[in-house]
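K.L.:
Show me how the following folds:
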Amino acid sequence: MLGWRQIWSQSSHGSHSRVEDKRILLIIGGGIAAYKCLELIRRLRERGASVRVVMTAAAQHFVTPLSVSALTNEPVFTDLFNLDDEREIGHIRLSRDADLILVAPATADLIAKMANGLANDLASSVLLASDKPPLIAPAMNPRMWLNPATQRNVRVLKADGARFIGPESGEMAERDEAGPGRLAEVPVLIEAIEEVSDARRLATTVGAAGPLHGLHVVVTSGPTHEPIDPVRYIANRSSGKQGHAIAAATAAAGARVTLITGPVNLPDPTGAETIKVETAEEMLAATERALPADIAVFCAAVADWRIAEQGTQKIKKKKGEPPPALKLVANPDILKTIAGRKKGRPDLVIGFAAETENVLQHARKKLNSKGCDWIVANDVSAESGVMGGDHNRVHLIRKDGHESWKQQSKEDVATALVEEMAREVESSKTKAAGSRSARVKLGKS
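P.N.:
I've put the predicted structure just below:
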């Protein structure tokens, strides 16, 4: 088996790119979309990346190993029991030598194997032996993608740190079939590979242990449930997906993470201590107990009001009488309370603003009134599909301006936010070092 550097030295490339010198392992699954991988390989090599390929048995029915080998300029790996490869523990080296593993197209079968730790062929063995989370690009029939079993497997993989790109919606290869299940197009796949490479480059330049290593990050997530009586409550449509993604991303960046979450139907993120609460008052108390922290991210959709007097028994309907009047009182403002602390305030306090209109104006007002450092604002109107959905389009608002980010998955929003946190941490360290140096010089003079 040739080493990566040997393979790379045999190829040529042009100007510098974001994936130049990157060693990419592409695992091709069995689906008609596998043909897109030929173009993907060509484009990646044009950008200076070296590409190795593992093909499942099913993938070889759609594209041939010969075609793939011609584009990668090296052998294609297909057999777990190939004596020449396994003499050097081939599947272990394949996984460990890569800078990034991309699974495309990721079929329902491959996703199920990854989620459940199966390793009965070369592709699944490589994935299980890997020391880094893969980038997964699903492609399958819409009903297979939407099947509860597939969605459950996807949630497990996301909680384990895997990143997903797609699937996209549209017409399928089968007649009269349309919906989510198309493999992301090649430019989209390349952009995702570049973003993952950028994030990992940031981690290695700031420190091998992760850009947030040594920091304590508190994240709130999900809705709160404010009881009316023992069986009814006031709530909102927050799924907790964005907050949980932020907790997973900060943990992956090396932070010690405390996630305080309202009721959600999501697995606990890997690497985070998860504290489960129901009401706004419980969330505030848990947040204060979790302090001190270096960074606090308030992503939870906390109910603004609660019932003044919760019924001790189920409130019964009475024939001929109007519905009972529910008197509301304000819940504690968790963001404002923590941001306004005189003692023990986190160095960086980030709030979220879920708006249905005039998003930037309302978010800017919230930044000023709450006393936090940043606001992440988004449009949660019904037509946006953000509440409960898998994608988000946010605006990062600071005191000196704002950035509007493209629509992307909630996992990608979380990763981008962590990168901003890391830059802020480094900037603060640089300023502090400069201040200490200035004081030393003044003392000498």
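K.L.:
Low-confidence regions, the chain specifically.
P.N.:
Low-confidence regions of the chain, defined by pLDDT under 70, span residues 1-17, 82-91, 174-176, 198-209, 387-388, 433-445.
K.L.:
Residue most distant from the centroid, it?
P.N.:
Relative to the centre of the chain, the most outlying C-alpha is that of residue 320, 52.0 Å out, by Cα atoms, centre = their mean.
K.L.:
residues in contact with that one?
P.N.:
Counting by Cβ atoms under 8 Å, 6 or more residues apart in numbering, residue 320 makes contact with nothing. Every residue, glycine included, has its C-beta placed from N, CA and C.
K.L.:
Ramachandran angles for it?
P.N.:
phi 80, psi 0 (degrees, to the nearest 10).
K.L.:
Now stretch 288-300 - C-alpha only, CSV.
P.N.:
C-alpha atoms of stretch 288-300 as CSV (Å, rounded to 0.1, in the frame of the first residue of the first chain):
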residue,chain,number,x,y,z
GLU,A,288,-26.5,29.7,38.1
ARG,A,289,-25.3,26.4,39.7
ALA,A,290,-23.2,25.7,36.6
LEU,A,291,-21.2,28.9,36.9
PRO,A,292,-18.4,30.0,36.8
ALA,A,293,-18.1,29.6,33.1
ASP,A,294,-15.9,31.2,30.4
ILE,A,295,-18.6,31.3,27.8
ALA,A,296,-22.4,31.1,28.0
VAL,A,297,-24.6,30.5,25.0
PHE,A,298,-28.3,31.0,25.7
CYS,A,299,-30.0,29.2,22.8
ALA,A,300,-33.1,27.9,24.7
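K.L.:
gap between that stretch and the chain center?
P.N.:
19 Å (Cα atoms, centre = their mean, to the nearest Å).
K.L.:
Give me the buried positions along it.
P.N.:
290, 291, 293, 294, 295, 296, 297, 298, 299, 300 (16 or more other Cβ atoms under 10 Å).
K.L.:
likewise stretch 213-229?
P.N.:
Across stretch 213-229, burial judged by 16+ other Cβ under 10 Å covers 215-226, 228.
K.L.:
What's the end-to-end length of that stretch?
P.N.:
In stretch 213-229, first residue to last residue: 44 Å (Cα to Cα, to the nearest Å).
K.L.:
from here on, count from 377
P.N.:
Renumbered: residue one is now 377, and that last one reads stretch 589-605.
K.L.:
How far off centre is it?
P.N.:
On Cα atoms, centre = their mean, the centre of stretch 589-605 falls 17 Å from the chain's centre.
K.L.:
got the residue ranges for the strands in the stretch 577-726 of the chain?
P.N.:
Along the stretch 577-726 of the chain, counting by DSSP state E, counting those that start in this stretch, strands occupy 592-597, 602-605, 608-610, 632-637, 648-652, 671-674, 681-683, 704-706, 724-731.
K.L.:
Could you list the residues in contact with the second one?
P.N.:
Pointing back at strand 602-605 there. Contacts for strand 602-605 (Cβ under 8 Å, 6+ apart): 609-611, 654-656, 679, 681-683, 686-691, 702, 707.
K.L.:
before we move on, the earlier item: in CSV: the buried residues of stretch 589-605, plus distance to residue 508.
P.N.:
Output for the buried residues of stretch 589-605, formatted as CSV (distance: Cβ to Cβ, whole Å):
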residue, distance to residue 508
591, 22
592, 25
593, 22
594, 27
595, 23
596, 29
597, 25
598, 28
599, 33
600, 36
601, 37
602, 42
604, 47
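K.L.:
Determine which two of the residues you listed are furthest apart.
P.N.:
The span of the buried residues of stretch 589-605, defined through Cβ to Cβ, is set by 591 and 604 at 39.5 Å.
K.L.:
three-state assignment of residue 791?
P.N.:
The local conformation at residue 791, judged by DSSP: H, G, I helix; E, B strand; the rest coil, is helix.
K.L.:
Span of stretch 777-789 from start to end?
P.N.:
19 Å.
K.L.:
Buried residues in that stretch, which are they?
P.N.:
Buried residues in stretch 777-789 (16+ other Cβ under 10 Å): 778, 781, 784, 785, 786, 787, 788, 789.
K.L.:
Is it possible to get those out as a markdown table so that each row also shows distance to residue 555 and secondary structure?
P.N.:
Converted to a markdown table, these look like this (distance: Cβ to Cβ, whole Å; DSSP: H, G, I helix; E, B strand; the rest coil):
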| residue | distance to residue 555 | secondary structure |
| --- | --- | --- |
| 778 | 35 | strand |
| 781 | 26 | coil |
| 784 | 20 | strand |
| 785 | 18 | strand |
| 786 | 20 | helix |
| 787 | 21 | helix |
| 788 | 22 | helix |
| 789 | 24 | helix |
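K.L.:
care to break the protein down by domain?
P.N.:
For the chain, automatic domain parsing gives the domain ranges 380-543+563-579, 585-808.
K.L.:
quick one: which of these is nearest residue 556?
P.N.:
Minimum separation from residue 556 across these (Cβ to Cβ) falls at domain 380-543+563-579, 5.3 Å.
K.L.:
circling back to that earlier point, mind putting the domains of the chain into CSV with distance to residue 557?
P.N.:
Shown next, in CSV, are those (distance: least, Cβ to Cβ, whole Å):
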stretch, distance to residue 557
domain 380-543+563-579, 4
domain 585-808, 14
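K.L.:
Verify the stated contact: residue 594 with residue 669.
P.N.:
Yes: with contact defined as Cβ atoms under 8 Å, residue 594 reaches residue 669; the gap is 4.4 Å.
K.L.:
Overlap in contacts, those two.
P.N.:
634, 722.
K.L.:
mind listing what the nearest residue to residue 775 once chain neighbours are set aside touches?
P.N.:
Spatially, and ignoring its direct neighbours in sequence, residue 775 is nearest to residue 743 (7.0 Å; Cβ to Cβ, 6 or more residues apart in numbering). In this structure, residue 743 makes contact with 727, 750, 751, 773, 774, 775, judged by Cβ under 8 Å, 6+ apart.
K.L.:
And the furthest pair within the residues you listed?
P.N.:
Maximum distance among the contacts of residue 743 (Cβ to Cβ): 12.8 Å, for 727 and 775.
K.L.:
between these two, which one's more packed in?
P.N.:
Ranked by neighbour count (other Cβ atoms under 10 Å), residue 727 and residue 775 place residue 727 first, with 26 against 12.
K.L.:
For the more buried one, give me its contacts.
P.N.:
Per Cβ under 8 Å, 6+ apart, neighbours of residue 727: 674, 711, 715, 742, 743, 746, 748, 750, 751, 752.
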